[in-house]
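Asker: A structural model of the following input is requested.
(4 chains)
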Number of protein chains: 2
Amino acid sequence: MIEIALLEKYNVVRKHYKKLEIIFEKDHLATHYYQIVSGAVKMNNYNDDGREFIQGIFYANQSFGEPPLFLDRTYPANAEAVEDSEILCISKVNFLKLISENPKVSISIIEILAHRLHYKSVMAAEISTHDSEHRLLQLFDYSISYLNFKKDNNGYAIDLTRQQMGDLTGLRVETVIRTIKTLEKKGELKIINRKVYR
Amino acid sequence: MIEIALLEKYNVVRKHYKKLEIIFEKDHLATHYYQIVSGAVKMNNYNDDGREFIQGIFYANQSFGEPPLFLDRTYPANAEAVEDSEILCISKVNFLKLISENPKVSISIIEILAHRLHYKSVMAAEISTHDSEHRLLQLFDYSISYLNFKKDNNGYAIDLTRQQMGDLTGLRVETVIRTIKTLEKKGELKIINRKVYR
DNA sequence: ACTCCTTTATGATGTATGTCATAAAACATT
DNA sequence: AATGTTTTATGACATACATCATAAAGGAGT
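Answerer: Numbers count the residues shown, from 1 in each chain, chains lettered A, B, ... in the order given. Predicted coordinates for the structure are as follows:
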């Protein structure tokens, strides 16, 4: 996250996206830096037969879609608002100018990318194992520590639909439903009012 | 890759690792920055029943294992030499000093991480589809453009064993062997003297 | 030429997850 | 209250990939 005061020195624009609205599309060139003020955004892919894979979900104060700004490559995934969202945008040139003029920001960009790479590494190893229980537990634990999920007296509430859990782990909804039920029986998590707690 | 001349100003040490030798282990704290002079290194995970997943293979002039240097986290995977290798190391403090004193280097670190994140995103979407043909073709095409595989008159030579292909895509050797044979029949690649060309 | 080890190969069988069908529960909208 | 939509749920069946067993081909070292 870059300080808003700093972004304002580089021609920031505040945009509003409705739920389901597309922010950018896979295979397009990166033109802007995006930082979420409120709402939530998912980055996803669809394979040939329409199946979705969610690369990640981003919330307030997080940025997304930066990597292609530094490469001569297009976006590897789409970005779509999962809720009505308010997003700050600055153009690629202004963003790169900001970075070069503020070395401290580049360190924080490194940290953000390092963090995200860490998530990808953990999930990649997990997804490759073909073990639905592991995949889901890993997703939950990582989401709890990486995202700001709240803890109440039942534990951490996993604020994701079964469908989203599936799309984040490469599993089908039915498999997710069945797996979290066996995980509940094993005492790994709780399901209260259809909500998952860990 | 950071210029060797620059590394030398920050107490670089040149180390030799034999094939199969471990450079660092999963869950350990990051203490050094590593850059390969010659040889090759793989980063991998083993799951509970000993199955391997290769996060990536790195070659001459590439660095690896930087992300945890910027986070208060341990390595998400092991690093192991796949060939006898010569590697430059500098300590974490010296590395962070180098970065802060050389803003241009931090930009190149960003580019490296962005690049790697791009690879992870592409492969994650692919692996989640559960389609062995797609996974392997994606691996080959990405390896060709990202790594420096050479092209000869048969096409690009994929310099990976069947086992490595499997470990990089989360597939078993037998599945890799069978899949690349059907891909050959479909004309997607060539197999000459057991070597894969694309 | 011989031995050892790695890599590639192939067939038989098992199984976890996917697929398809169907529906109840929860929630939103009118 | 009535209606429509999303989310969760459950069963029957199919299938791609894993697993296991076995072996041939190739390379490295003596």
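Asker: can you list the domains in chain A?
Answerer: What automatic domain parsing lists as the domains of chain A is A:4-102, A:129-197.
Asker: Nearest to DNA strand C, out of those domains?
Answerer: Taking Cβ to the nearest atom of the strand, domain A:129-197 is the member of the domains of chain A nearest to DNA strand C, at 3.0 Å. C-betas here are computed from N, CA, C, even on glycine.
Asker: Present the domains of chain A as CSV; the columns should include mean neighbour count and mean pLDDT.
Answerer: Formatted as CSV, the domains of chain A follow (neighbours: other Cβ atoms under 10 Å in any protein chain shown; pLDDT from 0 to 100):
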stretch, mean neighbour count, mean pLDDT
domain A:4-102, 17, 92
domain A:129-197, 16, 89
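Asker: Up against DNA strand C, what does chain A have?
Answerer: Neighbours of DNA strand C within chain A, by Cβ under 7 Å from any atom of the strand: A:Arg51, A:His130, A:Asp131, A:Ser132, A:Gly170, A:Leu171, A:Arg172, A:Glu174, A:Thr175, A:Thr179, A:Asn193, A:Arg194.
Asker: Between the residues you listed, which sits nearest A:Glu111?
Answerer: Using Cβ to Cβ, A:Gly170 comes nearest to A:Glu111 of the residues of chain A next to DNA strand C, at 27.3 Å.
Asker: Who are the contact partners of the closest one?
Answerer: A:Phe53, A:Ile127, A:Arg135, B:Ile127, B:Ser128, B:Thr129, B:His130 (Cβ atoms under 8 Å, 6 or more residues apart in numbering or on different chains).
Asker: I'd like to know how many residues surround the nearest residue in space to A:Pro103 that is not next to it in sequence.
Answerer: With Cβ to Cβ, 6 or more residues apart in numbering or on different chains as the measure, B:Pro103 is the residue that lies nearest to A:Pro103, at 4.3 Å, once sequence neighbours are left out. When counting by other Cβ atoms under 10 Å in any protein chain shown, one arrives at 16 neighbours for B:Pro103.
Asker: Looking at the residues of chain A next to DNA strand C, which are in helices?
Answerer: A:Ser132, A:Glu174, A:Thr175, A:Thr179 (DSSP state H).
Asker: Now the two most distant members of those residues.
Answerer: Of all pairs in those, the most separated under Cβ to Cβ is A:Ser132 and A:Glu174 at 10.7 Å.
Asker: Surely A:Gln138 is in contact with A:Thr129?
Answerer: No - contact between A:Gln138 and A:Thr129 fails when scored by Cβ atoms under 8 Å: they sit 9.5 Å apart.
Asker: just the ones in helices among the residues of chain A next to DNA strand C that are near DNA strand D?
Answerer: Answer for those near DNA strand D (Cβ under 7 Å from any atom of the strand): A:Glu174.
Asker: Present the ones in helices among the residues of chain A next to DNA strand C as TSV; the columns should include distance to chain B.
Answerer: Below are those laid out as TSV (distance: Cβ to the nearest Cβ, whole Å):
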residue	distance to chain B
A:Ser132	12
A:Glu174	15
A:Thr175	11
A:Thr179	15
